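Participant: sequence and predicted model, in that order:
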2 protein chains.
Amino acid sequence: MEPGPPKFRRRKADRPTEILGAALAVFAEKGFAAARLDEIARRAGVSKGALYLYFETKEDIFRAVVGQVIAPNMVAVKAMAAAHPGPFPDLIRRVAVAIAQVAQTSPLSAVAKMVLGEARNFPELARVWHDDLVSQALEAISGAVKAAQARGEIKPGDPRTFALQFISPLLVAMMWRETFVPVGAEPFDLSRLMSQHVETLLHGLLVAETRS
Amino acid sequence: MEPGPPKFRRRKADRPTEILGAALAVFAEKGFAAARLDEIARRAGVSKGALYLYFETKEDIFRAVVGQVIAPNMVAVKAMAAAHPGPFPDLIRRVAVAIAQVAQTSPLSAVAKMVLGEARNFPELARVWHDDLVSQALEAISGAVKAAQARGEIKPGDPRTFALQFISPLLVAMMWRETFVPVGAEPFDLSRLMSQHVETLLHGLLVAETRS
DNA sequence: AGCTAATAACTGACTGGTCAGTTATTAGCT
DNA sequence: AGCTAATAACTGACCAGTCAGTTATTAGCT
């Protein structure tokens, strides 16, 4: 009787991340309710029962997936906030490039879409996403705007609104990519979009005296 | 034996719209999968079986709800496109007010969020929404931008990107309202947001010579 | 080193509840 | 009386979560 390859391997340490990777993919494709635990398990190369060795419930897996994406992006936000306090145009151009980069290389847009879609059924998830990530990013930008206004670099106006104006096109382009590109819509080039956007915005934000 | 109020009324003509109204509310609250046909029926003042006199399946109801919102908004888009071809600033300010109005008084944002959330499971819905509404609105704005560029009123640059820049903050503010305000976030005043946004955008879009 | 007992990761068949969709029947209209 | 909108009880499929049993791995002993 040849033993053959073993039916499974014991890899306690790696399982959780593998499961969360598979779960991210399935949740992103189907949404929370339509996602099947059997499929998550299959993609993770594991039985359904094994999921329950590491997570309590389906919701628990969902929370973990969403939470996992926050931490690395918080690093980006912190870096943004710590960016050198030079002239506003330099700062904002730098931030735009960094944000576009993150948007293109992380599962951020897929998770953002999930949070939007499931916010009603998981209010506490929307709260975490808002408190730990979105509002902090928004405040970081608002703070930079306020400082630049104090220096007389840019026009008066609600800083929070300016911040929203700044990031909105990127967010919409991300949603566009997730929603309409799969059905044949023309995608937006995020980097090109952001550079055109920043220049447009700047020449509206900059007061006449400081314009180069 | 008093007859009392009749158990039900036969109102074949009114039922479909009543059902769709109830369905819109439930779908908007719960999303497609978590919405219960029993609840839709209850809110429509009807039994579950009655739903099947007017619609084939749950998906069919969902499609009808989404489709119903398109028509009235197409009117708005058409009106936008037909707006007088005067100076670009006048046009864009008018359109901004009109759009903010629609966003505040119609179930547009709720349905938009539904379409985003369920796009993966209903690609043909994303397609209808895009082809019949979103892309037409975007093209209407792009057309106005292109015309203004031809007249030398505004700077060169990708018109479709300008169009996206124009509507993005409104869309994001709508999603913000649907997602984060229920968990305690500060809402954005759509009208104020749009007026600040348009002015910021204009003074970046307008070339120096035509600036007032 | 080889053998065995103990441990813990993992499986997969099962269940209890839920819910979309069906159907036999009743109530209201003309 | 005849017709049909509408009901309410029913069914069958589906799926999150469970658990008794199986298999890989490790520890302990000689």
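Facilitator: Done, it's in.

Participant: and the top helix by length along chain A, what's buried?
Facilitator: Longest helix in chain A by number of residues (criterion: DSSP state H): helix A:58-81. Within helix A:58-81, the residues scored as buried using 16 or more other Cβ atoms under 10 Å in any protein chain shown are A:58, A:61-66, A:68-70, A:73, A:76-77, A:80. All C-beta spots, glycine's among them, are computed from the backbone N, C-alpha and C.

Participant: so which of these comes closest to residue A:24?
Facilitator: The nearest member of the buried residues of helix A:58-81 to residue A:24, counting by Cβ to Cβ, is residue A:65 at 5.0 Å.

Participant: quick check: the gap between that closest one and residue A:53.
Facilitator: Applying Cβ to Cβ, to the nearest Å, the value for residue A:65 to residue A:53 is 17 Å.

Participant: equivalent analysis for residue A:103, please.
Facilitator: As for residue A:103, its distance to residue A:53 is 34 Å (criterion: Cβ to Cβ).

Participant: comparing those two, which shows the higher neighbour count?
Facilitator: Between residue A:103 and residue A:53, counted using other Cβ atoms under 10 Å in any protein chain shown, the more crowded position is residue A:103 (20 against 12).

Participant: pull the residues that contact the helix or strand hosting the more buried one.
Facilitator: Using DSSP states H and E, residue A:103 maps to helix A:88-105. Here helix A:88-105 makes contact (Cβ atoms under 8 Å, 6 or more residues apart in numbering or on different chains) with A:73, A:76, A:79-80, A:83-85, A:108-109, A:141, A:144-145, A:148, A:151, A:153-154, A:166-167, A:170, A:174, A:190-191, A:193-195, A:197-198, A:201-202, A:205-206.

Participant: residue nearest the centroid of chain A?
Facilitator: Geometric centre of chain A, nearest residue: residue A:108, 3.0 Å, by Cα atoms, centre = their mean.

Participant: hmm, back to that, now, of the contacts of helix A:88-105, which are buried?
Facilitator: A:73, A:76, A:80, A:83, A:108-109, A:141, A:144-145, A:148, A:153-154, A:166-167, A:170, A:174, A:190, A:193-195, A:197-198, A:201-202, A:205-206.

Participant: do the helix or strand harbouring residue A:112 and DNA strand D meet?
Facilitator: Using DSSP H and E, residue A:112 falls within helix A:108-118. No: Helix A:108-118 lies out of reach of DNA strand D by Cβ under 7 Å from any atom of the strand, never closer than 13.9 Å.

Participant: that helix close to chain B?
Facilitator: Yes: using Cβ under 8 Å from any Cβ of the partner chain, helix A:108-118 reaches chain B at A:113, A:115-118.

Participant: from memory residue A:146 sits against residue A:159, does it?
Facilitator: Yes: judged on Cβ atoms under 8 Å, residue A:146 makes contact with residue A:159 at a distance of 4.8 Å.

Participant: look at the two and report which has more neighbours.
Facilitator: Comparing residue A:146 with residue A:159 by other Cβ under 10 Å, the one with more neighbours is residue A:159, at 20 against 16.

Participant: how near is the more buried one to DNA strand D?
Facilitator: Residue A:159 is 43 Å from DNA strand D, where distance means Cβ to the nearest atom of the strand, to the nearest Å.

Participant: now that residue: how far from residue A:21?
Facilitator: 38 Å.

Participant: okay, and the closest residue to residue A:186 other than its chain neighbours sits in which element?
Facilitator: Of all residues not flanking residue A:186 in the chain, residue B:160 sits nearest, at 7.8 Å (Cβ to Cβ, 6 or more residues apart in numbering or on different chains). Per DSSP H and E: residue B:160 is located in helix B:159-179.

Participant: the helix or strand following that helix vs helix A:159-179, what angle?
Facilitator: With elements assigned by DSSP H and E, the helix or strand that comes after helix B:159-179 is helix B:190-205. Between helix B:190-205 and helix A:159-179, the angle comes out at 90 degrees (axes from the mean of the first three to the mean of the last three Cα atoms, to 10 degrees).

Participant: which secondary structure element is home to the residue in chain A positioned nearest to DNA strand C?
Facilitator: Using Cβ to the nearest atom of the strand, residue A:49 is the residue of chain A that sits closest to DNA strand C, at 2.0 Å. Assigned by DSSP H and E, residue A:49 belongs to helix A:48-54.

Participant: cool, residue A:83 as well?
Facilitator: Residue A:83 belongs to no helix or strand, assigned by DSSP H and E.

Participant: list the contacts for it?
Facilitator: A:91, A:94-95, A:144.

Participant: buried subset of those?
Facilitator: Listed as buried from the contacts of residue A:83 are A:91, A:95, A:144; burial here means 16+ other Cβ under 10 Å.

Participant: low-confidence ranges, chain A, go.
Facilitator: Confidence mapping of chain A against pLDDT under 70 gives the ranges A:1-13, A:204-212.

Participant: ends of stretch A:119-138, what's the gap?
Facilitator: The separation between the terminal residues of stretch A:119-138, taken as Cα to Cα, to the nearest Å, is 19 Å.

Participant: other residues contacting that stretch?
Facilitator: Counting by Cβ under 8 Å, 6+ apart, A:32-33, A:59, A:62-63, A:66-67, A:70, A:73-74, A:77, A:80, A:115, A:118, A:160, A:163-164, A:167, B:29-31, B:34, B:178-180, B:182-185 sit against stretch A:119-138.
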